[in-house]
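1. Just a sequence and a predicted model for now, questions to come.
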Amino acid sequence: MAEAPVPILMYHSVATAPNDATRELSVAPEAFAEQMACIGDRGLTPVNTADLAASWRSGKPLPPRPLLITFDDGYAGVHRHALPVLAKHGFASTLFVSTGWLKGAHDTGGGLDTMLDWDQVRELAAADVEIGGHSHTHPQLDQLDDRTLRHELIHCKEIVADELGTVPASFAYPYGYSSRRVREAVRETGYAQALAVGNGLARRRQGPYALHRVTVRRSTGIEEFERLVEGRSIARNFARDRALTKGYAMVRRAHQVRRKAIRSRV
């Protein structure tokens with residue numbers, strides 16, 4: 001019997017007053033608390049990314065009605081606003097960090113808003129939050145040459161391992177962009193699974209390196225959120241996003257072909 005699809009929620013910033021760069025993909029703390037209560041009321045069981053992938057590899061059963069709660073980039077509000085709510089409900093989650101965006105010795109200054117520091121990341125890790133990789137500087141990985149791509153993946157992994165004492169097992173593609181080459185590089189770097197966006201439910205047949213997520217935005221009302229966690233009307237809700245994604249993919253492929261042609265003439 002095929003495994004049932006699993007909703008994987010993709011959050012970014014949880015903030016009362018986000019800046020313009022993060023506003024659309026931010027969620028107000030009050031909305032986040034209401035959404036987590038909705039998950040609990042519906043009897044859904046949050047698990048982390050590594051546990052979902054391990055279950056689909058081994059056939060070990062998941063808890064009833066599994067769901068994933070994930071955060072990208074590493075904004076400070078995940079610690080300040082999201083962590084207390086997650087702890088209240090006893091929910092597992094996954095945070096994917098762009099190591100060059102976090103405060104501290106590795107900061108490249110690219111963070112879009114107030115970012116976590118490594119002490120806060122360690123507190124999150126101690127509170128049942130899986131810490132995964134999200135590259136070092138958050139580039140569009142499918143636009144990088146092989147050497148730069150591998151540096152982004154390996155440097156991120158090494159920094160997380162050095163700071164936390166645990167090698168990250170899961171990865172999320174910045175902007176959701178990947179390609180066969182990128183997915184192979186992620187696998188060869190030693191990540192056991194990776195999440196895209198896709199704005200659809202995650203299914204085992206997608207493979208461990210292209211699992212879909214659904215985007216939670218500041219504009220996501222509680223009724224829409226209920227439909228997301230129940231896996232209803234997702235295609236309709238994200239029809240515009242999917243059309244834009246296809247268009248962006250065509251543009252990125254054209255850029256890749258042009259760069260390859262230029263390199264072959266050099």
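-> Thanks, I have the structure now.
2. contacts and neighbour counts: CA atoms only from here.
-> Noted.
3. Mind listing residues that contact stretch 143-161?
-> For stretch 143-161, the external contacting residues (CA atoms under 8 Å, 6 or more residues apart in numbering) are 98-100, 133-137, 141, 166-168, 182, 185-186, 189, 252, 255-256.
4. now stretch 216-224
-> Contacts for stretch 216-224 (CA under 8 Å, 6+ apart): 9-11, 23-28, 31, 34-35, 225.
5. Filter those down to the buried ones, ChimeraX style.
-> Filtering those down to the buried ones (16 or more other CA atoms under 10 Å) takes a single ChimeraX command:
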select :9,10,11,23,25,26,27,28,35,225
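6. Would you format the contacts of stretch 216-224 as CSV with distance to Tyr175, secondary structure and pLDDT included?
-> Formatted as CSV, these follow (distance: CA to CA, whole Å; DSSP: H, G, I helix; E, B strand; the rest coil; pLDDT from 0 to 100):
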residue, distance to Tyr175, secondary structure, pLDDT
Leu9, 15, strand, 98
Met10, 11, strand, 98
Tyr11, 12, strand, 98
Arg23, 16, coil, 97
Glu24, 14, coil, 97
Leu25, 12, coil, 97
Ser26, 15, strand, 97
Val27, 18, strand, 98
Ala28, 21, coil, 98
Ala31, 23, helix, 98
Glu34, 26, helix, 98
Gln35, 23, helix, 98
Phe225, 21, helix, 96
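7. for Ala196, helix, strand, or coil?
-> strand (DSSP: H, G, I helix; E, B strand; the rest coil).
8. actually His79, not the one I wrote
-> Strictly by three-state DSSP, His79 counts as helix.
9. dump the residue contacts of it.
-> Counting by CA under 8 Å, 6+ apart, His79 touches Leu116, Gln120, Val121, Leu124.
10. Among those residues, which are located in strands?
-> Assigned to strands by DSSP state E, none of the contacts of His79 qualify.
11. can you pick the most crowded of these?
-> Counting neighbours by other CA atoms under 10 Å, Val121 leads these with 24 neighbours.
12. how far away is it from Val129?
-> Using CA to CA, to the nearest Å, Val121 is found at 9 Å from Val129.
13. Could you do Thr166 as well?
-> Counting by CA to CA - Thr166 and Val129 are separated by 13 Å.
14. coming back round to it: if any of the contacts of stretch 143-161 are buried, give me the PyMOL selection for them.
-> Of these, the buried ones go into a single PyMOL selection, burial set by 16+ other CA under 10 Å:
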select buried, resi 98+99+100+133+134+135+136+137+141+167+168+182+185+186+252+256
